[in-house]
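**Q** quick one, what's the 3D model for this:
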Amino acid sequence: MVINLREIHEDDLVMIMNWRMLPEVTKYMYTDPDLSIEKQLDWYNSILQNKKREKYWIIQLESGVDVGLISINNIDYVNKQASWAYYLGEIEARGQGLARILECNIYDYVFDQLNLNKLWCEIFEFNETVINIHKKFGAIEEGKFKDHIFKEGKYLDVIRMATFKEKWLILREQTNYKKITIEDY
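**A** Okay, the predicted model is just below:
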């Protein structure tokens, strides 16, 4: 499967808002959306103002179909680290091998292009599938935040995971994945 990551444009905001409000997406996020186009515009303008610390892309199939969103956040060039997250808003895109492609290419981008040393993420403990995907590509568990997020009437634990440049440079030599185009901006 061939995909590329393209910069978000203002005309993507309704699509992103609709994805973000899907229960299949919201289930894995810290917040439950209360979105409007005005809030989306505020969010979009804030990321435009903060391109040095936040990068967002639309995940697009070779056919031109947009299927999700991926981001690198909290970019810290002093400590050489950042966080990342993604979701597939088009549910039928799940199970097609996108996780491998996205994960490996984001590691390449963060460690080669941005020259960072550490990429971390936070995942609800119940999301074992994603935790195992991250482990498969070299991420380690750095810790657990107990009762970290209150959602749907209960407290949820969060696992913090990280991947390090040195480990990825070794692992990628043994990993088969398709290279993708990531629009740099």
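
**Q** what are the buried residues along the longest helix along the chain?
**A** Assignment by DSSP state H gives helix 37-49 as the longest helix of the chain. Residues of helix 37-49 classed as buried under the neighbour-count rule (16 or more other CB atoms under 10 Å) are Gln40, Trp43, Tyr44. Glycine gets a C-beta too; all of them are placed from N, C-alpha and C.

**Q** might you report the residue contacts of the residue located most distally from the centre of the chain?
**A** For the chain, the residue at maximal distance from the C-alpha centroid (CA atoms, centre = their mean) is Gly153, at 25.8 Å. Gly153 sits next to no residue when contact means CB atoms under 8 Å, 6 or more residues apart in numbering.

**Q** what of Tyr77?
**A** Leu114, Leu116 are the contacts of Tyr77 under CB under 8 Å, 6+ apart.

**Q** same thing with Gln40?
**A** Gln40 makes contact with Leu13, Val14, Ile16, Met17 under the criterion CB under 8 Å, 6+ apart.

**Q** dump the buried residues of helix 37-49 to a markdown table, plus pLDDT and distance to Lys167.
**A** Rendered in a markdown table, the data for the buried residues of helix 37-49 read as follows (pLDDT from 0 to 100; distance: CB to CB, whole Å):
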| residue | pLDDT | distance to Lys167 |
| --- | --- | --- |
| Gln40 | 96 | 37 |
| Trp43 | 95 | 33 |
| Tyr44 | 97 | 35 |
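
**Q** do you know the pLDDT at the most centrally placed residue in the chain?
**A** The structure's the chain has its C-alpha centroid closest to Ala85; by CA atoms, centre = their mean the separation is 2.1 Å. Predicted confidence (pLDDT) at Ala85: the value is 97.

**Q** same thing with the one 5 residues further on?
**A** Per-residue pLDDT puts Glu90 at 93.

**Q** for it, give me its contacts.
**A** Residues counted as contacts of Glu90 (CB under 8 Å, 6+ apart) are Trp19, Val65, Asp66, Val67, Gly68.

**Q** what are the ranges of the strands in this structure?
**A** For the chain, the strands defined by DSSP state E occupy 3-7, 55-61, 66-76, 81-88, 118-124, 140-151, 154-164, 181-182.

**Q** list the beta-bridge partners for the residue nearest to Gln81 when sequence neighbours are not counted.
**A** Sequence neighbours aside, Lys118 is the residue nearest to Gln81 in space, at 4.0 Å (criterion: CB to CB, 6 or more residues apart in numbering). Each beta-bridge partner of Lys118 is listed here: Gln81, Phe164, as defined by DSSP bridges.
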